[in-house]
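**Student:** A structural model of the following input is requested.
(chains A, B, C and D)
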There are 2 protein chains.
Amino acid sequence: MTQDIRVQNAELCEVKAIHENIVTEVTQRMPNQTHVQSLSALFKVFGDGTRLSILWALSESEMCVCDICALLNLKQSAVSHQLNKLKMSRIVKHRRDGKVMFYSLTDDHVRKLLETGMEHISE
Amino acid sequence: MTQDIRVQNAELCEVKAIHENIVTEVTQRMPNQTHVQSLSALFKVFGDGTRLSILWALSESEMCVCDICALLNLKQSAVSHQLNKLKMSRIVKHRRDGKVMFYSLTDDHVRKLLETGMEHISE
DNA sequence: TTATCATATGATCATGTGTTAATATATAAT
DNA sequence: ATTATATATTAACACATGATCATATGATAA
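**Tutor:** Residues are numbered from 1 along each chain as shown, chains lettered A, B, ... in the order given. Model (predicted):
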């Protein structure tokens, strides 16, 4: 089966694999495309300075939109748009208290990702 | 000092912080902007399906461009472009063997980031 | 109700990004 | 030298993205 896919690729592609054994082996260990897509989508959310700052802030404390604006010196609209993206990705959750919306991280995975990334940076 | 920055932000911003104590506290715990920028740049590189697939493949084995093309069914040019970005970000390294270029991960941080991310996805 | 405050949303615009085709380079083989 | 092979590079294009402005919503206060 895996063999068939590789052969098929070789036809579609202008290049044919040189090291068939490696390709075959790695093919078997690759996660399925859905997983790769979800994962890259997750990383993409982290891949913007504004969003990353917001996430870092929220990893320290629950905050309202207003406070995030003041903290990061950003326009309310910009913050709101980014928070919406984070909400869509289920990375942050929110609760309302009167007129104020409080945002916080949905789980600790985010914190761990931030830390792991930071380790890479500061080596 | 931190206080001054906050006040300054409040002036530039159309919104004034509601919870001053939170803003002050989080401000002190925020990493500097350079770090945030580097980190978001790193995540951005991971935030593309093609690059992420390549990275995953390389986390399993050193591979040449040709093999990556066959494995992921991508045009040689597309792979080469993405490998260049990964090279620029110092995430992958390469060695030449005759006409063939072999790519591999520069260090194990990448592997760890992939794993940490995957944990988040598959919960 | 009306006014005000905190936040959300929609449209627009400039900029960034990934893919492709065409071409260039670099190495090896004939 | 010529040819073939593996990879890199350049330019072009379609598309996505983030910030901004204007405006809408939703909740409280007067």
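
**Student:** Please count neighbours and contacts with C-alpha atoms only from this point.
**Tutor:** Noted.

**Student:** Got phi/psi on the nearest residue to residue A:54 once chain neighbours are set aside?
**Tutor:** Once flanking residues are discounted, residue A:54 sits nearest to residue A:68: 7.0 Å by CA to CA, 6 or more residues apart in numbering or on different chains. Residue A:68 adopts backbone torsions of phi -60, psi -40, taken as degrees, to the nearest 10.

**Student:** give me every residue that touches residue A:68.
**Tutor:** Residues in contact with residue A:68 (CA atoms under 8 Å, 6 or more residues apart in numbering or on different chains) are A:54, A:57, A:74, A:79, B:17, B:23.

**Student:** Could you report the separation of it from residue A:100?
**Tutor:** 12 Å (CA to CA, to the nearest Å).

**Student:** can you check residue A:86 too?
**Tutor:** In terms of CA to CA, residue A:86 sits 18 Å off from residue A:100.

**Student:** likewise residue A:119?
**Tutor:** 35 Å.

**Student:** swap in residue A:78?
**Tutor:** Using CA to CA, which is the criterion applied here, residue A:78 is 17 Å from residue A:100.

**Student:** before we move on, back to that, just want to know which of residue A:86 and residue A:100 has more residues nearby.
**Tutor:** Each of residue A:86 and residue A:100 has its neighbours counted (other CA atoms under 10 Å in any protein chain shown); residue A:86 has more, 20 against 13.

**Student:** Quick check: that one touching residue A:45?
**Tutor:** Yes. Counting by CA atoms under 8 Å, residue A:86 touches residue A:45, with 7.2 Å between them.

**Student:** What strand or helix carries residue A:114?
**Tutor:** If you go by DSSP states H and E, residue A:114 is part of helix A:109-121.

**Student:** domain assignment for chain A?
**Tutor:** Per automatic domain parsing, the structural domains of chain A span A:2-30, A:38-121.

**Student:** Give the rounded mean pLDDT of the last one.
**Tutor:** With pLDDT averaged residue by residue, domain A:38-121 scores 96.

**Student:** where's the closest residue to residue A:36 other than its chain neighbours relative to residue B:56, distance?
**Tutor:** Using CA to CA, 6+ apart and skipping the chain neighbours, the partner closest in space to residue A:36 is residue B:49 (6.3 Å). Using CA to CA, residue B:49 is found at 10 Å from residue B:56.
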